[in-house]
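Enquirer: Prediction below, plus the sequence it came from.
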2 protein chains.
Amino acid sequence: MRIALLGGTGDIGQGLALRWAYDTDHEILVGSRDPDRAREKVEEYLTELDSRGVEASVKGFANEMAADRARVVVLAVPPYHVDDTVSSVADSLSEGDILVSPATGIKRDDEGFHYHRPGAGSVTRLVADAAPEGVHVVGAFHNLPAGRLADLDADLGIDTLVVGDDPDATDMVSRLAEEIEGLRALNAGGIANAPEIEALTPLLINVASNNDGMHDLGVRFR
Amino acid sequence: MRIALLGGTGDIGQGLALRWAYDTDHEILVGSRDPDRAREKVEEYLTELDSRGVEASVKGFANEMAADRARVVVLAVPPYHVDDTVSSVADSLSEGDILVSPATGIKRDDEGFHYHRPGAGSVTRLVADAAPEGVHVVGAFHNLPAGRLADLDADLGIDTLVVGDDPDATDMVSRLAEEIEGLRALNAGGIANAPEIEALTPLLINVASNNDGMHDLGVRFR
């Protein structure tokens, strides 16, 4: 399957690109606003994969081209770019495509990191509101430690929570998530349940910054 | 040490009472608005502990009496009783006492469970606002699975997040938490960081209700 990672040059995009390329046979389309930047990062990813004896299909494109060619499109962009990125690729999405939202709003003050909940209710909901009709939106990968994800030597042993209002799309994203070794996908219901998932990300940062020896944390539900 | 559990006849109170009585030598004071009810539940707890060969100090009291006698007072009451419970025991608390807030606001709709954030910002903050001056408020035990906590045969292997604005009080509660076997206490910073912790509780319920074979969940940060 073809998976597009819009903003696939950023930290969470890099981690997902490397893991899917390493653990699966999917074709990974790394998107960026700047296609040269995408191709540059893809060279890095391929060098890393090649050093591990893995020949993977990873290619760089402008976001629109990446979105056009893939059935599953991951919006690996910062929350403040979610809206314009969805607009810019709207014409490249087809009915039945799946748009995956991993972004979360975070603000920082003197005390720590806090969930900055968008007016729409959640970033995932914001994507759902902006998505063209017939495109299924699924929230996933909100709480993953980007550094560990991008380090193919690092064990994960963590969960990702998946929310969506179309059961088939949610199942598809859960399956793709579980193809990454050490990652378990748990269904958390509909998009209305996204705020509590997005709020977990600043909490992970607060826990990491207040406990010696903890960093780049994920969670396991048990 | 003497630990009072106000609302110690409820599910989270029962779990903490049994675990501390089983795993430590602390004196547990179970409080209730109705002291007869407290003494009734204590009989149950003692029968359970006795069946495991444990002779523990667990006694039942009216909330005020329990609060008066303990240095650490856990508000194991529903969120809508937090305010009046703090008022009712205010005269029984002394300077330097530690008031522990495990409650969280949860509302349910057709989609699932959601965090019902109080106007104060969090339930823990609400307790801090209501507490008499000189009493240290610490948030902890928000995300524990009550059923597993009360089942002394159940392995925990989970974390509790601790927040507070007084480092000594926060450390004390963390130590008490870690005296429970299988429970790890992680510092999440100040009370300003409580909302994201409280929001994790409805998420645990959503995950449990959407995945076969999962129930009474906790989390481990890793």
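Expert: Yep, that arrived. Numbering: from 1, shown residues only, chains lettered A, B, ... in the order given.
Enquirer: And the closest residue to A:Arg108 other than its chain neighbours, what's its pLDDT?
Expert: Distances taken as C-beta to C-beta, 6 or more residues apart in numbering or on different chains place A:His114 nearest to A:Arg108, at 7.4 Å, with adjacent residues excluded. Where C-beta positions appear, they are placed from N, C-alpha and C, glycine not excepted. pLDDT, A:His114: 98.
Enquirer: Test my guess that A:His114 contacts A:Lys107.
Expert: Yes: the criterion here is C-beta atoms under 8 Å, and A:His114 meets it with A:Lys107 at 5.4 Å.
Enquirer: and those two? which has more neighbours close in?
Expert: Higher neighbour count among A:His114 and A:Lys107: A:His114, with 21 against 10, using other C-beta atoms under 10 Å in any protein chain shown.
Enquirer: Phi, psi for that one please.
Expert: phi -130, psi 150 (degrees, to the nearest 10).
Enquirer: just A:Leu183 next, same as before
Expert: phi -110, psi 130.
Enquirer: I'd assumed A:Leu161 was in contact with it.
Expert: No: the pair A:Leu183 / A:Leu161 is not scored as a contact, 11.3 Å apart, by C-beta under 8 Å.
Enquirer: which residue packs closest to the residue most central in space within chain A, ignoring adjacent ones?
Expert: Nearest to the mean C-alpha position of chain A, by C-alpha atoms, centre = their mean, lies A:Pro102 at 4.2 Å. Closest residue to A:Pro102 apart from its sequence neighbours, by C-beta to C-beta, 6+ apart: A:Phe141 at 3.7 Å.
Enquirer: Secondary structure element for that neighbour, which one?
Expert: Assigned by DSSP states H and E, A:Phe141 belongs to no helix or strand.
Enquirer: residues touching it, list them.
Expert: Taking C-beta atoms under 8 Å, 6 or more residues apart in numbering or on different chains, we find A:Phe141 in contact with A:Ile12, A:Leu16, A:Val74, A:Val100, A:Pro102, A:Thr160, A:Ala177.
Enquirer: Mind pulling up the pLDDT for it?
Expert: So A:Phe141 comes in at 98 (pLDDT).
Enquirer: any idea how far the residue nearest to the centre of chain A is from A:Val74?
Expert: Distance, A:Pro102 to A:Val74, using C-beta to C-beta, to the nearest Å: 7 Å.
Enquirer: Out of A:Leu183 and A:Leu161, name the residue with the larger neighbour count.
Expert: A:Leu161 (29 against 20).
Enquirer: So the more buried one, which state does it fall into?
Expert: strand (DSSP: H, G, I helix; E, B strand; the rest coil).
Enquirer: same thing with A:Ala56?
Expert: Relying on three-state DSSP, one would call A:Ala56 coil.
Enquirer: Could you tell me how many residues sit around it?
Expert: A:Ala56: 21 neighbours (other C-beta under 10 Å).
Enquirer: which ones are touching it?
Expert: By C-beta under 8 Å, 6+ apart, the contact list for A:Ala56 reads A:Ala21, A:Tyr22, A:Ile28, A:Tyr45, A:Leu46, A:Leu49.
Enquirer: can you do 6 Å?
Expert: Contact analysis of A:Ala56 by C-beta atoms under 6 Å, 6 or more residues apart in numbering or on different chains lists A:Ala21, A:Leu49.
Enquirer: what are the phi and psi values for it?
Expert: phi -120, psi 160.
Enquirer: where's it relative to A:Leu46, distance?
Expert: 7 Å.
Enquirer: Chain A against chain B: which residues are in contact?
Expert: Residues of chain A lying close to chain B by C-beta under 6 Å from any C-beta of the partner chain are A:111-112, A:115, A:186-190, A:192-193, A:196, A:199, A:202-203, A:206-207, A:210-211, A:217, A:219-222.
Enquirer: filter those residues to the buried ones?
Expert: A:112, A:115, A:186-190, A:192-193, A:196, A:199, A:202-203, A:206-207, A:210-211, A:217, A:219-221 (16 or more other C-beta atoms under 10 Å in any protein chain shown).
Enquirer: ok, A:Val89 touching A:Glu64?
Expert: Yes: at 5.5 Å, A:Val89 and A:Glu64 qualify as touching, with contact defined as C-beta atoms under 6 Å.
Enquirer: A:Asp186: what secondary structure?
Expert: Residue A:186: Leu, not Asp. The three-state assignment at A:Leu186 reads strand, by three-state DSSP.
Enquirer: What residues are recorded as beta-bridge partners of it?
Expert: Here A:Leu186 sits in beta bridges with A:Leu161, going by DSSP bridges.
Enquirer: Report the separation between it and A:Phe221.
Expert: Taken as C-beta to C-beta, the span from A:Leu186 to A:Phe221 is 6 Å.
Enquirer: which neighbours do those two share?
Expert: By C-beta under 6 Å, 6+ apart, the residues touching both A:Leu186 and A:Phe221 are A:Asp159, B:Val207.
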